[in-house]
Structures are given as C-alpha cells and as structure tokens.
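Q: with the input below, show me the fold.
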Amino acid sequence: MSKGNGIRKSPTPTPVPATPVGGDNTPSANANPSTNSSTSSGNDAGDNSANPRGSSNPSTAERMSMQISSDEINVLIYRYLQEAGFVHSAFTFAYESMIGRSHVSKANVPPGALVSFLQKGLQYIAIEETLRQDGSDSRNQHPHQQDRDIDFTLLSPHSIKTLTRKNPPIRLNVPPATAAAAIKARLELEANHAEHSGAAVGRNGHGHGHGLPPQAQAAGIGAASVTAFQTGVDSAFRQNAQSAQVMQQQQGQQVFGNGHGHGMKQMKAAAATSLLESHNELKRDASAMDVDSPARQEVLALGSGSGKDTDVMTGPQEEAEASTEKEDLLSRASPDEVLELNKHSSEVFMCAWNPIYTDLLATGSGDASARIWRMGGKKAKDGSDISRLLQHGTNSSDKKNKDVTTLEWSSNGELLATGSYDGVARVWSRSGAIVHTLRGHIGPIFSLKWNKTGTFLLSGSYDKTTIVWDVSGEKGEIKQQFIHHTAPALDVDWKDDLTFASCSTDKTVLICKVGSNAPLHQFRGHNDEVNAVKWDPSGTLLASCSDDSTAKVWDVSSGKPDPLYNFTSHKQEIYTVKWSPTGPGSKNPDKPRMLATASFDSTVRLWNAQNGSCLAILSRHRESVYSVAFSPSGDYLASGSLAGQLYVWRVKDGKHIKNFKGQGDIFEVAWNKEETRIAACFSSNVVNVIDFKV
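A: Now for the predicted structure:
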C-alpha cells in the first residue's frame, strides 16, 4: 500500500509541489507483474523490452498503471475547500498552486471526491489491520473484543501506523515462488509460538492482550497458511487467497497481469510477505513499549524467545532449545571459517557452485540480478576475488518483476542459465556475457534444468507450460512446448537427454519426452500441490513431494499408477526432496541409495530407497527446513532452516558435526565439488561460504 501524503486541516492548505507523486512506496511502483507473451527467442544482451507496450499480441497482459500527480491532488483539495465554504482559502490555494494551468483542472470531478477517496483508503487500511490472510476477523481470537469495534479514523493510531511503516504491509509486486513457501513456514511456526506464549501470559495474570497493537492482538495471524486460491486446495488456502485478492482489488488491480484466476505460488508469496512485514512491525512496536509492560513481555516471547526478566512461563520446549543452543556452540563454525558475500541488495534465493571451475559460485537475488563470485583461495580467510554482475534490468524501472527465481550451471561449467519473474530465461557465459535471451513463457519461470549434454534447457513456468529450448546453436529457440498441466508448473527434472518429469499445483506429476505430443506417464497420487520432483542417479526412480505432507517414490518403468513408496511421517508440508549421489548410476555405486526430505515440521528425514524404511530423523532445527543438499561423496548432508540455522550431518549415524547461525532465513544450501565448502544464501541479502573439514 502507498504511504501517501497527509492533508493538514488549515484555512489555507499548502499546495502540493508540482511534481508527480511516485516512487517505491506508491501504487505505481507496486504495479502488477509484467509478462511477456512473445514467443520469439534470441540473443538480446540489452534486454530492455521484455514486454513492449506496442505489442499487438492479444494474449499479452495489459499492465495496469497506477499514478498520482500533484495536480490531481491539488484539484481535489481545491474542490473540497469550495464545497466546504472556504471561499477565500480556495481562491488563495488555487492561486498559489496554479491549478488553472493544469491539464486536469477541467476534469469532471463529482462532489465529495476527496472524501470518497479517503474513505476508500480507510477501508483498505481497515482490511489490512483487522483481517487475517484467511479472511477471518483477528478479533475472533480474543472473544472479549468481539463486542468492541476498533477505531479506524484518518488520525487514529491504527491508521497512522500504516503511514509510518518503513515497508508497506501489502506488497503487490510479489517475490518469486521460491521465497513464498519459506516465509509461509516461518509464519506458521511463529503462530504456534504466539498461541503458547499467549496462553502462558494469561495464566500469569497479564490479561488477554490489552494494550497490544493490532498485530499482537491477532498474533495468531501467522497461523494462516499463506497460499494460493486454486481450485482443489483446502479451504484455509482458498480463504487466504480470497483475502489477499480482496485487498488487491481495493486498489483496482488484477491478481496477475495475464488475468488468470487460478491458484499460484505467487499469491502465497504476496500474503506471506505481508504477514512477515506485520510480524516485523510487531517487533518494532514492542521495542518502543515500556520494558516492564506485560505487552512487551508477550511480544518478546513471540519474537525470539530470548527476552529476559519476563513473566512468561518457560516450558520443556524452551529448555530443550536452550540446551540445543549450548551444544551447538561446541560445533559452530568459527568466524575465520566463514566468508560473507554481501553485494546483493535484496534476498538471495539460490546459489550453485560451478561443477568444473570449482572456485566459481553463482547466486540469484530479488534485486533483479545474478552474480558470479570467484573465490580468492581455498579457505574463507582468503576472501573473494571478483564478482561479475549479471544484470536483468538496466534501470530501476526496467528491473521491476525481474527477480531471479532459479539458476543452474551447465554440466561443462561454461554456461549459466537464469530464470526470472518476467518469464524470460537467460543464458550467460561463465565470464558474465549474455549468450541467449529466451522468450516464450508468459509468466514467471520457477525451474530451469540443463540436460546432461547441455544441448537442451528445460523450463517450467507459472503459465502452466514447460518448454524445451535448443541452445546448441548461435540463437536459442523453442524445441517444443508442453501444455499438459492445468495449473502452474513448479519444478522440472531431466531423466536423460530427451525425457523429463514435471510437477504442478494441479497435484500431478507428468513424464514427457521431446518429440512426443502426449505425456508418457501421469501420476495423480498427491492430494495437494506438488512442490518438487527429482530423478535418482540411475533414472529409474522418481521422487516427488507435496503440500499434502507426503513424499512419494515412483517406479516409472513398472507402469503402475501407484507409488512404490509413500512416505507419510512428516507432519507438515514437504518443500524439497534430494537423492544421495550414491547407488546405481552414481559416482558412488557401492554406497546405499537414500532419499532426503525437508519439511516445514522442522525435521529432515533420511529414507532407505531399497525398502522404504526411515533411516534417521534429523531434528535439531527449531524452525522449518527449506533446503537440503548431499555432499558429493554422499557421506554428509547440509540442511538450512528459516531461523538462519545451518547444520551438517554425518549420514551414517545421523549425528550433526558442524553448524552455522546466520542472520535471516536460509533459502538454499550447496556444496562445492571438493566437499570443502558449503554456500548458504539468506533473506538478509548475503551469501555465507563456510569452510568444511572433517
């Protein structure tokens, strides 16, 4: 939401300066994502026109532009003064603001226009502050407040708070899907903390939340699953999306540029970001309160659990966490073992080590850029050498909606592919030069994968399609586009040079082949959105995981519609699955084949791929686990959680042997080829590279 400008009640209001009202905090800066409907592809190093306004393609989504000019505001103020009877003030204001020379002075403005606009804005603020993302009233969690309306006037504390926030609570320019599930998990866990701490405060005589800001009174807001409004998703998910959609419609915007009304990960991200910012605002409000107040104590219990001198009861869970923290100090990476890379200006969503030139690390960020970092030596203390910027936009306006959502190195290490929110895939040389700009999707790209020979690049998109790109020649082009999914395609993975798997929010897993017009197989065993698919090293088994809290292993060669294994032990959504680089078809054929699953229930589980048994439950994380990665030998597993906690586990006995605590949430972890370094990318705009030695 735009912060806007306050209007002083004065006999002679000060005219607004004759410059457009705009910037990052205005509706025009938060416009809907732009998309590209062109199916042409080629080498476009400049990449300045992802969605030309002059496009005549009827499928191109029209971008809704929202702008406020100072002349428009001055005309509304002038009309208000006239209608209110302030004749002399109106004359003086018109003279000083020179609205008579404005092109909007002749606009047909109905009576009461200024008041009507203010009322609509106030209604939007009320929705932000009182409604949960699932559409329910936050006061329902506090029965004693149900008979008392919250005061929403233009100058009430609740309204003023929305104008003084550093970041607006609703970001319509939503981040990529990779961050959505991560933030969602964090909020769900915070909701549980809020529920428990609220009960503890009540038992200690601190009342029921009186004096807390609206976010604290509705601390359970994080409990709402931050999800899409797709047909087939459970009712809580649908309610979340409907609430977010209502908020966007209050500003006259579509949910997405192409007008689709189906479910999508982007809405998860939009609502999740709103909730996360509300939580941050809650913590800022807490810091401004009296230290000894009950409200301050409850907020501290919600935020970090580390507040001192509070009356909040500590239970076995808090004591266990304190014990774990003490144990972690013994295996924590020392400062001289950690290298921080901090040139990104927004969240860093993914990272990947070059498989051949192993001193190169690629990272992708929400700042519309990727970077290729060269390490300065073999250890963190050697620092970094150079950082090549792969800019996905040329200026602040051009960078909008070009968040880098996925990236991957080719097997020969010479090319880096990036996918972004504008629906364009780009191929870069390892020196940072643009090689191909691939246009064909009309929605954000969620996944990119190279085939083994590096001749084809596979992409999965919000637009429900997957595309195989032929990048072997001088000009990249579409080899084949697959339109078999009925909802956004979230992940793709190659089985061999021609056959691949894809998964979607439509709950299905498809096996397709280049040259075939129909899927080879279709699996419908999941009951909710399928987040990831991965082939094992032999290409015979396919793993998938879902928001239905299950992971499944499919024996594609058997032709059976039911999974070979159905893992149901996780208690919450599973975001990712990874096969160990062991067993048949791998470089470690004598070691047993295993599968790792990472869940929002804060655990990682290791599974025996031979009989489907659970080998280990790795449960030191205090918050949701978003990323896991096996080391090249398969002997170790790294996991990163939304509390900024990274653990390295020894696979054979499930014991943790090293850890690192960073600032913000960890979105991805990755090993280098030599198994001597682990990269972790954070929501705090940094990448940490941790030395590893047994």
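Q: show me the shaky parts of the stretch 301-450 of the chain.
A: 301-317, 396-400 (pLDDT under 70).
Q: please disregard the earlier target; I meant the stretch 551-694 of the chain.
A: Those would be none, if you go by pLDDT under 70 across the stretch 551-694 of the chain.
Q: all the helices of it, residue numbers only.
A: With DSSP state H, counting those that start in this stretch, there are no helices along the stretch 551-694 of the chain.
Q: likewise the chain?
A: Using DSSP state H, the helices of the chain run over residues 70-84, 87-97, 113-130, 157-164, 177-203, 214-217, 235-250, 265-288, 294-303, 316-331.
Q: relative orientation of the third one and helix 70-84 in degrees?
A: Yep, that's helix 113-130 we're talking about. Per axes from the mean of the first three to the mean of the last three C-alpha atoms, to 10 degrees, the angle that helix 113-130 makes with helix 70-84 is 110 degrees.
Q: quick check: mean pLDDT of helix 113-130?
A: In this model, helix 113-130 carries a mean pLDDT of 78.
Q: tell me the helices and strands packed up against it.
A: Packing contacts for helix 113-130, counted by 3 or more C-beta pairs under 8 Å, 6 or more residues apart in numbering; DSSP states H and E, involve helix 70-84, helix 157-164, helix 235-250. In short, each C-beta sits where N, CA and C put it, glycine included.
Q: worst average pLDDT in those?
A: Among the helices and strands packed on helix 113-130, helix 235-250 scores lowest, at a mean of 38.
Q: which stretches of the stretch 1-150 of the chain have low pLDDT?
A: Scanning the stretch 1-150 of the chain with the threshold set as pLDDT under 70 gives 1-66, 128-150.
Q: apply 50 and report the result again.
A: Per-residue confidence for the stretch 1-150 of the chain (pLDDT under 50) gives these ranges: 1-12, 14, 17-63, 132-139, 141-148.
Q: excluding chain neighbours, what is closest to Lys655?
A: Take Lys655 and drop its neighbours on the chain: the residue closest to it by C-beta to C-beta, 6 or more residues apart in numbering is Trp649, 6.8 Å away.
Q: could you give the bridge partners of that neighbour?
A: Beta-bridge pairing of Trp649 under DSSP bridges involves Leu637, His656.
Q: OK, contacts around Gly525?
A: Contacts for Gly525 (C-beta atoms under 8 Å, 6 or more residues apart in numbering) come out as Lys552, Pro561, Asp562, Pro563, Asn566.
Q: what's opposite the first one in the beta bridge?
A: The residues paired with Lys552 through beta bridges, assigned by DSSP bridges, are Ser544, Asn566.
Q: ok, it - how many residues close by?
A: Residues within reach of Lys552, counting by other C-beta atoms under 10 Å, total 24.
Q: and the gap between it and Ala322?
A: 37 Å (C-beta to C-beta, to the nearest Å).
Q: ok, back up a step: kindly give a single ChimeraX line that selects the buried subset of the contacts of Gly525.
A: Of the contacts of Gly525, the buried ones can be selected in ChimeraX as follows, counting by 16 or more other C-beta atoms under 10 Å:
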select :552,563
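Q: export the contacts of Gly525 to a markdown table and append columns for distance to Trp428.
A: Below are the contacts of Gly525 laid out as a markdown table (distance: C-beta to C-beta, whole Å):
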| residue | distance to Trp428 |
| --- | --- |
| Lys552 | 35 |
| Pro561 | 41 |
| Asp562 | 42 |
| Pro563 | 38 |
| Asn566 | 40 |
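Q: residues of stretch 360-379 that come out buried?
A: In stretch 360-379, counting by 16+ other C-beta under 10 Å, buried: 360-373, 375, 379.
Q: for that stretch, list the C-alpha coordinates in PDB.
A: The C-alpha trace of stretch 360-379 is given here as PDB (Å, rounded to 0.1, in the frame of the first residue of the first chain):
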ATOM      1  CA  LEU A 360      33.100 -20.000  -9.100                       C
ATOM      2  CA  LEU A 361      29.800 -19.600  -7.200                       C
ATOM      3  CA  ALA A 362      26.600 -18.300  -8.800                       C
ATOM      4  CA  THR A 363      23.800 -16.600  -6.800                       C
ATOM      5  CA  GLY A 364      20.400 -15.200  -7.800                       C
ATOM      6  CA  SER A 365      18.500 -12.500  -5.900                       C
ATOM      7  CA  GLY A 366      15.300 -10.500  -5.700                       C
ATOM      8  CA  ASP A 367      17.300  -7.400  -6.800                       C
ATOM      9  CA  ALA A 368      16.900  -8.500 -10.400                       C
ATOM     10  CA  SER A 369      20.400  -9.700 -10.700                       C
ATOM     11  CA  ALA A 370      22.600 -12.800 -10.600                       C
ATOM     12  CA  ARG A 371      26.300 -12.700  -9.600                       C
ATOM     13  CA  ILE A 372      29.200 -15.000 -10.400                       C
ATOM     14  CA  TRP A 373      31.700 -14.900  -7.500                       C
ATOM     15  CA  ARG A 374      35.300 -16.100  -7.700                       C
ATOM     16  CA  MET A 375      36.800 -17.300  -4.500                       C
ATOM     17  CA  GLY A 376      40.100 -15.800  -3.500                       C
ATOM     18  CA  GLY A 377      41.600 -19.100  -2.300                       C
ATOM     19  CA  LYS A 378      40.700 -22.400  -0.800                       C
ATOM     20  CA  LYS A 379      39.600 -21.100   2.600                       C
END
